[in-house]
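[1] take a look and give me a structure for this.
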Amino acid sequence: MAETFADVIDAIFAKLAVRYGAEWLRKWEGVDIAAVKADWGYELSGFGRDLEPLRYALRNLPDKCPNVQEFRAIARRMPPPEFKQLPAPKADQEKVAAEIAKQIGLKAALAPKGDMKDWARAIVKRAEAGDKFHPYTLKSARQALGMEGKMSWQ
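    So this is what the prediction gives:
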């Protein structure tokens, strides 16, 4: 049976009544206990999805009977859970070698073939054959081949 948050508040009140006895009961003397529980329910509603901080507060009660703000403050001081780091998985050496081989093959396939200035030679050759090019294109090809205007990288 799923418990409601009202059941959680009832359980907290029962625990506090056992721990503090008459001091707890006197605290609410003359006050409608349903209103007190509703107030505690409202103030602690932020813990509705994770009750562990409330359990922590019940395990770490102070000597003096707490009010709802003090109880909530204790719950908020719950340290975060500790998680142990898992060891890194061991690599399968066959798969690693296969992946490296793929990368080497891909690198070779993408590597430029021939001289990096073949584009410039093709443009100059076509221009000499009579093809028309924009002047900047022809100038760039001739500069790349060192045929005019030496560049610092040549």
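[2] can you list the domains in the chain?
    With automatic domain parsing as the criterion, the domains of the chain are listed as 5-76, 109-148.
[3] distance between the worst-scoring helix or strand of the chain on mean pLDDT and the chain's centre?
    None of the helices or strands of the chain scores lower by mean pLDDT, DSSP states H and E than helix 93-110, at a mean of 84. Centre-to-centre, helix 93-110 and its host chain are 31 Å apart (CA atoms, centre = their mean, to the nearest Å).
[4] name the next helix or strand downstream of that helix, please.
    Following helix 93-110 in sequence order, the next helix or strand is helix 118-128 (DSSP states H and E).
[5] which outside residues touch that next one?
    Applying CB atoms under 8 Å, 6 or more residues apart in numbering, the set of residues contacting helix 118-128 from outside is 115, 133, 137-138, 140-142, 144-145, 147. (Glycine included, C-beta is placed from N, CA and C.)
[6] go again using 6 Å as the cut-off
    Helix 118-128 has contacts (CB atoms under 6 Å, 6 or more residues apart in numbering) with 133, 138, 141, 144-145.
[7] do the same with stretch 55-64
    Counting by CB under 6 Å, 6+ apart, 15, 19, 71, 74-75, 78 sit against stretch 55-64.
[8] now do 7 Å
    Stretch 55-64 is contacted by residues 12, 15, 19, 71, 74-75, 78 when judged by CB atoms under 7 Å, 6 or more residues apart in numbering.
[9] between the two ends of stretch 73-89, how far is it?
    End-to-end distance for stretch 73-89: 41 Å, by CA to CA, to the nearest Å.
[10] from the rest of the structure, what touches that stretch?
    Stretch 73-89 is contacted from outside by 47, 52-54, 56-57, 60, using CB under 7 Å, 6+ apart.
[11] in helices only, show me those.
    Members of the contacts of stretch 73-89 lying in helices (criterion: DSSP state H): 52-54, 56-57.
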